[in-house]
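Student: How does the following fold in three dimensions:
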Amino acid sequence: MDVEQLIDDTVDPALAKWLRKWPNAIEALNHISELFGDLKKTTILGDVGEQVSISGLVHIGKGTKIHPFVTIQGPVYIGDNVSVRSHSIIRSEAYIASNCVVGHSADVKRSICLNGAKMQCGIFLGDSILGASARVGSGVITANRKFNQTEVSFIDADKKARKSGREFFGAIVGRYCRLGANVVTYPGTIIQEHTWVGGGCVLHGTFGPDQFVTVKQDLLIREKKRVKLRSGKGEYEHV
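Tutor: This is a model prediction of the structure:
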C-alpha cells in the first residue's frame, strides 16, 4: 500500500514527511526504529494514573491520559491528547500519534497508529500500521506471525503474492477504515483506505479501497427441551 493511503491533513507534518520517504507502507514498518532515534530520555507531559508501570524510554504528550494499571515498555512514543485505557500494554516500538484512543486491555506492539486512530477493548495490534482516523472494534486481532515462523507474504495491487521480508507482519490498515468487533486478520493482510469490515470476518489478502466486506453466516437452529439445571455446590464451586 502506498503511504498516501495512510495520511490525511491531521497527521503531523514531520511524521508525514518521514512516511513519504518510503516507497510503500511495508518499508515504513521496516524502518520503524527510526521514529525513536531522538528519544533520549523519558518525558511525561500528560496525566499518568495510579499503578502505571513505565520502563525504558517513553514520551507521553500533553493532554494525554494514561489510566490506572497500564504497562508501557519503551521505546514508546505517545502523542498529545491520547487516551490509554486501563490494563492496556504498550510496548516495543509502539508509536501512537495524537488524538488516538487505546481501549481497555489492548495490546499494542511495534506498530504505528496515525492521528485519530481508535482501538476498542481487548484488541491486539502487532507489527502493523493504522492509518489516520482508522477505527478498530473490540476483540480485533492482527495476527503477526505464521505457525511455521517463515517469511510473511502479502498480495500486491496486481493480486500477486510478494514476499515481505518480515517474519513478524500484522496488517496495514488505511485511513478511515473500520474493522468491526472480533475481526481477525492473517499475517500480511492489507486493507486499503475507506474500507469497512463487518464484525466476525477473518481476512487474508488485500481488500479495498472503498469496499464493505462482510461475512455470510448460516445458523443451525433446532428445538430443544426445557431442562431445569441443578443448583448447589459443584466440584469446582466454592459458594
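Student: could you say which helix or strand contains the spatially most central residue of the chain?
Tutor: When Cα atoms, centre = their mean is applied to the chain, the residue found nearest the centroid is residue 125 (3.2 Å). For residue 125, the enclosing helix or strand under DSSP states H and E is strand 124-126.
Student: Repeat that for residue 158.
Tutor: Judged by DSSP H and E, residue 158 forms part of no helix or strand.
Student: Next, work out how far apart it and residue 192 are.
Tutor: Residue 158 sits at a distance of 14 Å from residue 192 (criterion: Cβ to Cβ, to the nearest Å). Backbone N, C-alpha and C define where each C-beta goes, glycine included.
Student: between those two, who's got more neighbours?
Tutor: Between residue 158 and residue 192, residue 192 has the larger neighbour count (other Cβ atoms under 10 Å), namely 22 against 6.
Student: what residues are up against the nearest residue to that one once chain neighbours are set aside?
Tutor: Among residues not flanking residue 192 along the chain, residue 208 sits closest, at 3.4 Å (Cβ to Cβ, 6 or more residues apart in numbering). Applying Cβ atoms under 8 Å, 6 or more residues apart in numbering to residue 208 gives the contacts 174, 177, 191, 192, 193, 194, 195.
Student: which of those residues sit farthest apart?
Tutor: 191 and 194 (9.9 Å; Cβ to Cβ).
Student: Next, show the common contact partners of those two.
Tutor: 174, 177, 208.
Student: Might you quantify the distance of the strand holding residue 125 from its chain's geometric centre?
Tutor: 5 Å (Cα atoms, centre = their mean, to the nearest Å).
Student: In helices only, show me the contacts of residue 208.
Tutor: Counting by DSSP state H, no part of those is found in helices.
Student: Out of the residues you listed, name the ones that lie in strands.
Tutor: Of the contacts of residue 208, the ones assigned to strands by DSSP state E are residue 191.
Student: Of the contacts of residue 208, just the buried ones, ChimeraX syntax please.
Tutor: Here is the ChimeraX command that picks out the buried ones among the contacts of residue 208, judged by 16 or more other Cβ atoms under 10 Å:
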select :174,177,191,192,193,194,195
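Student: Surely residue 137 touches residue 183?
Tutor: Yes: Residue 137 lies in contact with residue 183 (Cβ atoms under 8 Å); the separation is 6.8 Å.
Student: Many thanks, I have nothing further to ask.
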